[in-house]
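Chemist: next comes the sequence, and after it the predicted model I'd like to discuss.
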Amino acid sequence: MSNLYLEQASEITGPFTRGALKELASQGKISPRDQIREGMSGTGIQAREIPGLLPTLKKSSVPSRPRGRKSRERVHDLDLESSPLLTIEQKEWIVIICGSIFMGSLLLIPLIQALVNLL
């Protein structure tokens, strides 16, 4: 299959072999949204849909830290898969509380306007 073409920003280059495309991808010259097509006028598919073409992201090798640590940690050092910042239940409570505050403030506006009119 040496009849593969690469379409990036409406510009078509090629022909390439699969190995040559994989080499370009490993150099970061192919984005997941770039189109790969067979032949100049063939229907293209996104590069991310071609198995084994794009390099996969490796999991972080940074060990997870115990919670409650007082040192400053940068965001990219956190292992978000093993220690999420908030659980689903905590997020639900935050939404409920923020919604209640918002709705309460909406109810206070007419009361404040009525008080201002009375004065």
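Modeler: Received, thanks. Numbering: from 1, shown residues only.

Chemist: under the pLDDT cut-off, which ranges of this structure? List them.
Modeler: The chain contains residues with pLDDT under 70 at 1-2, 57-85.

Chemist: and the helices in it?
Modeler: When assigned using DSSP state H, the helices of the chain occupy the ranges 18-26, 88-118.

Chemist: in stretch 44-58, what counts as buried?
Modeler: Of the residues in stretch 44-58, Ala47, Ile50, Leu53, Leu54 count as buried by neighbour count, 16 or more other CB atoms under 10 Å. Every C-beta, even on glycine, is put in place using the N, C-alpha and C of the backbone.

Chemist: one more: stretch 6-13?
Modeler: Within stretch 6-13, the residues scored as buried using 16+ other CB under 10 Å are Leu6, Glu7.

Chemist: quick check: end-to-end length of that stretch?
Modeler: Criterion CA to CA, to the nearest Å; first-to-last residue distance in stretch 6-13 is 5 Å.

Chemist: same thing with stretch 37-51?
Modeler: Using CA to CA, the gap from the first to the last residue of stretch 37-51 comes to 14 Å.

Chemist: that older thread, switch the helices of the chain over to TSV; also include distance to Thr43 and mean neighbour count.
Modeler: Supplementary listing: the helices of the chain in TSV, determined by distance: least, CB to CB, whole Å; neighbours: other CB atoms under 10 Å:
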stretch	distance to Thr43	mean neighbour count
helix 18-26	17	16
helix 88-118	41	9
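
Chemist: nearest to Glu7, of those helices?
Modeler: Between Glu7 and the helices of the chain, the shortest gap by CB to CB is with helix 18-26, which sits at 12.0 Å.
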